[in-house]
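Asker: mind looking at a prediction? Sequence and model below.
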Amino acid sequence: MKKGNLDDAKAWLDKAKGVNETAEVQNNYGVLAIWNGDLVEARGHYEASQSNGGNVSNNLGILHVRTGDYETALEYFGSDCSYNSALANLLNGDSEKAKTLGECAEGTAATSYLKAIIAARMDDATEMGKNLKSAVGGNASYRKDAITDLEFSNFWDSMDFKRSEEHTSELQSHLNL
């Protein structure tokens, strides 16, 4: 699934189900359904996994984030120190808690980008720039995302934003559209 080979993933899950339909197999069917955009099917698989003893709290939390039910997502994430929990808190309007959870979440480029968004919403240009630089350093595709992401629109003219975006000319051409 992580490689985007969803048909192959389904074939392997079907084989695993043929051997033993475990909670883990049902959970993975749910993940596959999410990746295919079928949230109703995903919920069914997660519930089947849960009834067979599977721990699907994180995946049910993700499902609720996708449906916009951030309160319920937070119930599933609990006090997890994770990207997903930080995102759900941010979307639920609690930037302070999102910031705290972002700080202790796994240090990935995606987490750095989320932390940059949190900082932007908190009007902290320095922290935003630091996290954007970290995000772009971990995954260069975030450079283009940041240039058009409205989360950063209040900072497009600031020096902090320009420093975090090493290619100021790209930013300037975007602003002149």
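Answerer: Thanks, I have it. Numbering: from 1, shown residues only.
Asker: avg pLDDT for stretch 61-72?
Answerer: In this model, stretch 61-72 has a mean pLDDT of 96.
Asker: got the contact list for that stretch?
Answerer: 30, 34, 39, 42-43, 46, 73-77, 84-85, 87-89, 91-92 (CB atoms under 8 Å, 6 or more residues apart in numbering). In this view, the C-beta of every residue, glycine as well, is placed from N, C-alpha and C.
Asker: ok, stretch 34-48 next?
Answerer: In contact with stretch 34-48 (CB under 8 Å, 6+ apart) are residues 1, 6, 26-27, 29-31, 33, 54, 56, 59-60, 62-63, 66-67.
Asker: around Ala98, count how many other residues there are.
Answerer: 24 (other CB atoms under 10 Å).
Asker: quick one: low-confidence residue ranges for this structure.
Answerer: The chain contains residues with pLDDT under 70 at 159-177.
Asker: for it, which segments count as helices?
Answerer: 6-19, 23-35, 39-51, 57-66, 70-77, 83-91, 95-104, 109-121, 125-138, 141-148, 159-164, 168-175 (DSSP state H).
Asker: quick check: Gly54 touching Gln26?
Answerer: Yes - at 6.5 Å, Gly54 counts as touching Gln26 under the criterion of CB atoms under 8 Å.
Asker: tell me which residue of this structure is furthest from the middle?
Answerer: Here the chain reaches farthest from its C-alpha mean at Val19, the gap being 32.8 Å by CA atoms, centre = their mean.
Asker: tell me how far it lies from Leu39.
Answerer: 27 Å (CB to CB, to the nearest Å).
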